[in-house]
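K.L.:
The sequence isn't on hand, but the structure is:
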């Protein structure tokens, strides 16, 4: 959704039995999106949403539920409420209060997960007024307005429905008191008196995701905000090319567990100019910074070694060698991210596996080796080798007739096709 461009006709697409989208203004007599949101937020809409929560429809019961509700409520309102219920259900993986939030499909897709937004908002500690540009449904806005800081927050979005939802969602979290909403194109908003800006430019159009580094407003415009305010943070796709990060700026790649979510560009006032990998887990927030030192050695893994599979935040940040230095590990190949060491060290930045066999890739020999090892379930991880992983896994599982779960790293060792057979390390809690 291009949040700085013209508002979409239907930010609240109707959910019907076929899960198709019907514009709210498909016919002149139907409600506009804003009018429909008014009704959803009214006492009538709240009663309807409460009844849907009680019924909790699934695909098998959706049509019957919709037919029943249309006896008492307008069809367009029922369709919008069913959509809202579906989105709230999906949003539970991102937000702790999703069951009371107001959402659109595009808004939820681009919204930052609560844990990541809280982490990122800490960078703005000590700054005064903060502007959240392209605020969407308010995922980052809630975090910026929360915590111990009491400061003015300006929420800006051109889409009136998203802006209204953002303010309502901030109220759901009890942090709306100091927020001022402005419906405007972010390129035209007055930033006088603003000390810091966070911007989440749109990276989707009606045709899907944009290329890495492409956005609306463009990245160059977002970077230029640093000439108008002291501090700037820019949310970006995790695949953003590193050469697009200006000198003096920092790049942070962020994973939620092992799922790489996003990147952030930080202006010089918010960073020391380094690249950082951050992993957010249930046990806290962990950050890997550059570790200067000698070049990391190369060697082949041998049975008894520990094979480290780095978190994607580490690999995307280009910090594999830095992680190797902290683990006293070697690389198995100059172009492969797997690391090898002779002892395990708990780390939040990699999965640690015990090597039980290591040999040149030969599928027939590997098939026999798996039988010898009593292999049961197989997890195949491919790095640096071509091939259909699913087809290979299916063939190899034909030889796995035991009950020993194993992981096969299908990779390269010093530029040779290689198989590293591993098993979990029971006490590797950090990984």
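P.N.:
That came through fine. What you see is a predicted model, and the numbers here were worked out from it, not measured in a lab.

K.L.:
Quick check, pLDDT for the residue sitting furthest away from the middle of the chain.
P.N.:
Residue farthest from the centre of the chain, counting by CA atoms, centre = their mean, is residue 372 at 40.7 Å. With respect to pLDDT, residue 372 has a value of 91.

K.L.:
Same question for the one 3 residues further on.
P.N.:
At residue 375, the model reports a pLDDT of 91.

K.L.:
which parts of the host helix or strand of residue 44 are buried?
P.N.:
Per DSSP states H and E, residue 44 falls inside helix 43-55. By neighbour count on 16 or more other CB atoms under 10 Å, the buried set for helix 43-55 is 45, 48-49, 51-52. In short, each C-beta sits where N, CA and C put it, glycine included.

K.L.:
With adjacent residues omitted, what lies nearest to residue 362?
P.N.:
Spatially, and ignoring its direct neighbours in sequence, residue 362 is nearest to residue 419 (7.7 Å; CB to CB, 6 or more residues apart in numbering).

K.L.:
now the helix or strand that contains the one you found, how far from the centre of its chain.
P.N.:
Taking DSSP H and E as the definition, residue 419 sits inside strand 416-424. Mean-position distance between strand 416-424 and its chain equals 29 Å (CA atoms, centre = their mean, to the nearest Å).

K.L.:
partner strands of it, parallel or antiparallel?
P.N.:
Partner strands and pairing direction for strand 416-424 (DSSP bridges) are strand 350-360 (antiparallel), strand 404-413 (antiparallel).

K.L.:
now those as CSV including mean neighbour count?
P.N.:
Below are those laid out as CSV (neighbours: other CB atoms under 10 Å):
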stretch, mean neighbour count
strand 350-360, 20
strand 404-413, 21
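
K.L.:
Need those strands in TSV (columns: mean pLDDT and distance to residue 288).
P.N.:
Shown next, in TSV, are the strands paired with strand 416-424 (pLDDT from 0 to 100; distance: least, CB to CB, whole Å):
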stretch	mean pLDDT	distance to residue 288
strand 350-360	96	10
strand 404-413	94	21
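
K.L.:
Low-confidence bits of the stretch 301-431 of the chain, can you list those?
P.N.:
The model of the stretch 301-431 of the chain has pLDDT under 70 over residues 399-400, 427-431.

K.L.:
Let me see the ranges of the strands in it.
P.N.:
For the stretch 301-431 of the chain, the strands defined by DSSP state E, counting those that start in this stretch cover 306-310, 330-331, 339-341, 350-360, 375-382, 404-413, 416-424.

K.L.:
nearest to residue 86, of these?
P.N.:
strand 375-382 (32.4 Å; CB to CB).

K.L.:
Would you give the sheet partners of the closest one, along with the direction of each?
P.N.:
Next to strand 375-382 in the sheet, as set by DSSP bridges, lie strand 404-413 (parallel).

K.L.:
orientation of the strand it pairs with relative to strand 306-310 in degrees?
P.N.:
Put simply, strand 404-413 runs at 70 degrees to strand 306-310, going by axes from the mean of the first three to the mean of the last three CA atoms, to 10 degrees.

K.L.:
distance between strand 404-413 and the chain's centre?
P.N.:
Its chain's average C-alpha position is 27 Å from that of strand 404-413, according to CA atoms, centre = their mean.

K.L.:
Same question for stretch 189-206.
P.N.:
That offset, for stretch 189-206, works out to 19 Å (CA atoms, centre = their mean).

K.L.:
Please state the mean pLDDT value computed over that stretch.
P.N.:
Stretch 189-206 comes out at a mean pLDDT of 90.

K.L.:
in which helix or strand would I find residue 117?
P.N.:
Assigned by DSSP H and E, residue 117 falls in helix 114-121.

K.L.:
C-terminal to that helix, what's the next element?
P.N.:
Proceeding C-terminally, helix 114-121 gives way to strand 130-133 as the next helix or strand, assigned by DSSP H and E.

K.L.:
And the contacts of the helix or strand that that following strand is followed by?
P.N.:
With elements assigned by DSSP H and E, the helix or strand that comes after strand 130-133 is helix 139-145. Residues from elsewhere that reach helix 139-145 (CB atoms under 8 Å, 6 or more residues apart in numbering): 94-95, 111-114, 117-118, 120-121, 124, 130, 132, 135, 153, 155, 166, 169-170, 173, 175-176, 178-179, 198, 200, 235.

K.L.:
go with 6 Å
P.N.:
For helix 139-145, the external contacting residues (CB atoms under 6 Å, 6 or more residues apart in numbering) are 111-112, 117-118, 121, 130, 132, 135, 153, 155, 166, 170, 173, 175, 179, 198.

K.L.:
same deal with stretch 319-336?
P.N.:
Stretch 319-336 is contacted by residues 277, 288, 290-291, 293, 296-299, 310, 314, 337-341, 345, 349, 383-384, 411-414 when judged by CB under 6 Å, 6+ apart.

K.L.:
and the end-to-end length of that stretch?
P.N.:
Stretch 319-336 has its terminal residues 12 Å apart, counting by CA to CA, to the nearest Å.

K.L.:
just stretch 337-346 next, same as before
P.N.:
From its first residue to its last, stretch 337-346 covers 18 Å (CA to CA).

K.L.:
buried set for that stretch?
P.N.:
Going by neighbour count (16+ other CB under 10 Å), the buried part of stretch 337-346 is 337-341, 344-345.

K.L.:
List just the nearest of those to residue 77.
P.N.:
residue 337 (51.3 Å).

K.L.:
Return the residues in contact with the closest one.
P.N.:
For residue 337, the contact set (CB under 6 Å, 6+ apart) comprises 310, 315, 320.

K.L.:
who wins for neighbours among those?
P.N.:
residue 310 (24 neighbours; other CB atoms under 10 Å).
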